[in-house]
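Undergrad: Show me how the following folds:
(2 chains)
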Amino acid sequence: MTHLRALEAESIEIMREVAASFERPVMMYSIGKDSSVLLHLARKAFFPSKIPFPLLHINTTWKFHEMIAFRDRMAEQYGFDLISHTNPEGLAQGINPFDHGSSRFTDIMKTQALRQALNAGRYDAAIGGARRDEEKSRAKERVFSHRNAQHAWDPKNQRPELWRVFNTRLNPGESMRVFPISNWTELDIWTYIYSENIEIPSLYFARSRPVVQRSGTLIMIDDDRFRFEPGEKPHDDVVRFRTLGDYPLTGAIRSTADDLPSIIMEMQASRTSEREGRLIDSDSVGSMEKKKQEGYF
Amino acid sequence: MTLSMATPDTDIDLWLSQQTDKSLLRFLTCGSVDDGKSTLIGRLLYDSQLILDDQLASLKKESRNRTTGDEGIDFSLLVDGLAAEREQGITIDVAYRFFSTDKRKFIVADTPGHEQYTRNMATGASNAELALVLIDARKGVLTQTRRHSFILSLIGVKHVVLVINKIDLVDYDQAVFDRIEAEYRAFAAPLGFKTLAAIPVSALRGDNMLAQSKHTPWYNGPSLVPYLETIDVSEDLSAQPMRFPVQWVNRPNLDFRGFSGTVASGRVAVGEELLIAASRKPAKVARIVTMDGDLDHAIAGQAVTLVLDREVDISRGDVLTHPGETPEFSNQFQARVVWMSEESAFPGRSYLLKIGSQTVPATITDLKFRTNVNTLEQTAATKLDLNEVGTLTIATDKPIAFDPYASNALTGGFILIDRLSNATLGAGTIEFGLRRAQNLTYQSFDVNRQVRGTMKGQQPQVVWFTGLSGSGKSSIANLIEKRLTAEGRHAYILDGDNVRHGLNKDLGFTEAARVENVRRVAEVARLMADAGLVVLVSFISPFAKERQLAREIAGDIPFTEIYVDTPLEVCEARDPKGLYARARAGEIKNFTGIDSPFEPPKTPDIVLHGAISTPEELAEQLYAKLVIAP
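TA: Modelled structure (predicted):
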């Protein structure tokens, strides 16, 4: 078996373990490339059955418009149960990345929204697409990662996880975060997308897009809610995204890679890490670990 | 070592097939604290050019005030991920790192060196094919070196590289290297590693990492990375007897019933006859289904869905196999266990055991010996503490299918789970099944109330409800019993109805008879609690003396007196059985509250006000106060 087939089988086994062991599982669906791989793996895991759990999208209302259209088309095409949740209080207060800063915005519209959605659905297991090669604290996380009743992660006291024998047991109120693609690298994701012909949003491919240069990154103007700073003017540039999220917080890179082979080659030649484009990680060292302890995915 | 880099003129398909055809080596780094594990991995990542510019920039910033190599980098910062780890400069939990060379892909588990985090080291070892055992050349073989090596052998890691690190700090002295290697080889001889290589290294300076170091002309063996790139660790799992643990029953509609799982070992093909390990029922493979189309066969490691040619009763946890090469099927076996909990393991304790997709209650029946990690000496033990390794026998509530771990890790490795906290307490590897003839000796522990209670996951006790007829005792007791049962506990209600008609039907309502009545009920309650139950006694028991007697009979069994305090008028208005009416009419004599007194308890453990709250609310209040956990 090739390396990719072994990873695929491992992920399928993990997904099946979730379906068989939990009462109310849910799968996080964030529409990006990792989510697209996750969706593909879930379809494989349960074929010919439909995916036996809903897909949950935390919608901050600031996602790229194309992402939402793509999401709805996937749900239609593959017939999965899609749940979209937006923090209603955050929405009522008009929380946005411009006035409230990336960390407050992320806390209210992502972390808190996620907690609300998980509580409302009484989900006991949430599958996510995090990979261990992404970030330092992710590298330490178990495949079946225990959360207390407040959804918090206790990194110093993780359950031992041996072989492929996963401890899936929970006390009332506790839940599990499950990461089936823990052992995949970014290159594995791309080569798998390529070899399996998995559809991903076109934002990953280089196109001419309206952008502004801001704190070292290029931000795309996706709608008229965008706030220009004094002197800022949008210009068209051929760019693409290495990671997708809220458009005002997601940096684009200049690139001409407009198909999968050229993306993979560009990535191989790249000298910066994928998360660099995500502004939320750059706040402080250990910020991801802190967010995870607070319940962020 | 060079990173495989595609250039724009490379044929992408060719390049991709080179990537996917590379073999994968999963290895771990272990050894004592400060032996330089994190630095070694950081160095591997750095040399394989996997440290990207933005990471390098933040790394150099963080490296100030720390021990650095010529590059001005503290490599260990690359892998110590948690805030607590960076603060303390130690590794707490296993971190997974990924890198690749032209020849191979690698997944590295960087495991902690501190003894208290040994369980995390075992986690890293369980999916590794090879281990780098690091030794600080200045310190030599330490207790933790031995402990980790022993756990490697327990978990079944077959290939070991002894990395004698910081060789620069002993002036590249061959004598130091030779002495440490000899000492380690002598210790490791009984551990059964298939290969064992020793390499002198300085991870910080890069000696013997990628290429032969000019500082160690006396060393002629391979450098670390070339060795890792070429060592053959393959084990042909598909040549072993077939095991297919059923993970999930795939039933999209009435026309399709498949069994989803991963082939743990061996090979399965369409048309072959299979046997269900537990029921010994046969069936043939009709289809092997995947989303990419049906297969004619599947081998170890493939996740597939099997469809059989007939209706057979199969559920999650069943193991499918070929006739003639079935796994063991027994409820008793001997195993080696590494204990991972602060709470010690004792014979007689009951846990949940998970092996493959089977989860069953299991009890440690005997602790044969504990193995000293320093000397490998086996000594008698009555318990197993955190990070200790013992050999013990286990009995499961129902038979399970398994193989000795040495012949199949996936069907021979198990975890033990706490029945209340659900924590993972230990990891075990099965040595062999025990047949009836060599049945277990159960004398190694006393079966007593505590053992029985622990098996039921509860504190056996008597909960004694006193109060007027119609006060709500039985309703509350019933709700408590339901709640306990729903949570998997074992409870029983003793009340007037189920005692008066049988055990006490010879007793009338005279004072002597009432005392005898209570005495018998109290004795039965004591026996039931001794059997491990939570006994709920719902008895008017109007006299303080009787209740005192019941408490005395219970002895050292926890006894909680609940006074359901409902005024007589309320009880009489309710009169659920019409007894008050009959007592008022003179049809029943000596009726408590009418013509016989009720002595309210002066110091009950808990008072419930039956006129103020509903039985549901009272049960809720009471449940919160009862201590059920053992």
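Undergrad: how many other residues sit next to B:Ile612?
TA: Neighbourhood size, B:Ile612 [other CB atoms under 10 Å in any protein chain shown]: 11. C-beta: built from backbone N, CA, C; applies to glycine.
Undergrad: just how off-centre is stretch B:118-136 within its chain?
TA: Offset of stretch B:118-136 from its chain centre (CA atoms, centre = their mean, to the nearest Å): 19 Å.
Undergrad: average model confidence for that stretch?
TA: Averaging pLDDT along stretch B:118-136 yields 90.
Undergrad: And for stretch A:218-230?
TA: On average, stretch A:218-230 scores 90.
Undergrad: Repeat that for stretch B:419-434.
TA: When pLDDT is averaged along stretch B:419-434, the result is 92.
Undergrad: And the residue of the stretch 1-150 of chain A closest to chain B?
TA: A:Lys136 (3.4 Å; CB to the nearest CB).
Undergrad: Report pLDDT for that residue.
TA: Per-residue pLDDT puts A:Lys136 at 72.
Undergrad: Confirm that it sits in a helix.
TA: No - according to DSSP: H, G, I helix; E, B strand; the rest coil, A:Lys136 belongs to no helix; its state is coil.
Undergrad: burial count for it?
TA: Residues lying near A:Lys136 (other CB under 10 Å) number 22.
Undergrad: Now the longest helix that chain B contains - C-alpha only, PDB.
TA: The residue-count maximum for a helix in chain B (DSSP state H) belongs to helix B:511-530. Extracted in PDB, the C-alpha atoms of helix B:511-530 (Å, rounded to 0.1, in the frame of the first residue of the first chain):
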ATOM      1  CA  GLU B 511     -45.200  -4.000  68.900                       C
ATOM      2  CA  ALA B 512     -43.000  -7.200  69.100                       C
ATOM      3  CA  ALA B 513     -44.000  -8.200  65.600                       C
ATOM      4  CA  ARG B 514     -43.100  -4.700  64.300                       C
ATOM      5  CA  VAL B 515     -39.600  -4.900  65.900                       C
ATOM      6  CA  GLU B 516     -39.100  -8.300  64.300                       C
ATOM      7  CA  ASN B 517     -40.400  -6.900  61.000                       C
ATOM      8  CA  VAL B 518     -37.800  -4.200  61.000                       C
ATOM      9  CA  ARG B 519     -35.000  -6.500  62.200                       C
ATOM     10  CA  ARG B 520     -35.600  -8.900  59.300                       C
ATOM     11  CA  VAL B 521     -35.800  -6.000  56.800                       C
ATOM     12  CA  ALA B 522     -32.600  -4.600  58.200                       C
ATOM     13  CA  GLU B 523     -30.800  -7.900  58.000                       C
ATOM     14  CA  VAL B 524     -31.900  -8.400  54.400                       C
ATOM     15  CA  ALA B 525     -30.800  -4.900  53.600                       C
ATOM     16  CA  ARG B 526     -27.400  -5.600  55.100                       C
ATOM     17  CA  LEU B 527     -27.000  -8.800  53.000                       C
ATOM     18  CA  MET B 528     -28.000  -7.100  49.800                       C
ATOM     19  CA  ALA B 529     -25.600  -4.200  50.500                       C
ATOM     20  CA  ASP B 530     -22.900  -6.800  51.200                       C
END
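Undergrad: Just say helix, strand or coil for B:Arg147.
TA: Here B:Arg147 is helix, with the state taken from three-state DSSP.
Undergrad: I'd assumed B:His114 was in contact with it.
TA: No - contact criterion CB atoms under 8 Å: B:Arg147 and B:His114 do not qualify, at 10.9 Å.
Undergrad: More neighbours: which of the two?
TA: B:Arg147 (23 against 16).
Undergrad: How many neighbouring residues does B:Gly488 have?
TA: Residues near B:Gly488, counting by other CB under 10 Å: 11.
Undergrad: I'd say it and B:Gly457 touch.
TA: Yes - taking CB under 8 Å as the definition, B:Gly488 is a contact partner of B:Gly457 at 6.5 Å.
Undergrad: For the longest helix of chain B, name the packing helices and strands.
TA: Other helices and strands packing on helix B:511-530, by 3 or more CB pairs under 8 Å, 6 or more residues apart in numbering or on different chains; DSSP states H and E, are helix B:449-455, strand B:461-466, strand B:491-495, helix B:496-500, strand B:534-538, helix B:544-554.
Undergrad: can you give me the angle the last one makes with strand B:461-466?
TA: Same thing as helix B:544-554. 170 degrees (axes from the mean of the first three to the mean of the last three CA atoms, to 10 degrees).
Undergrad: Which SSE is immediately downstream of helix B:544-554?
TA: Next helix or strand after helix B:544-554 toward the C-terminus (DSSP states H and E): strand B:559-565.
Undergrad: Show me what that next one pairs with in its sheet, parallel or antiparallel.
TA: Strand B:559-565 pairs in its sheet with strand B:461-466 (parallel), strand B:606-609 (parallel), by DSSP bridges.
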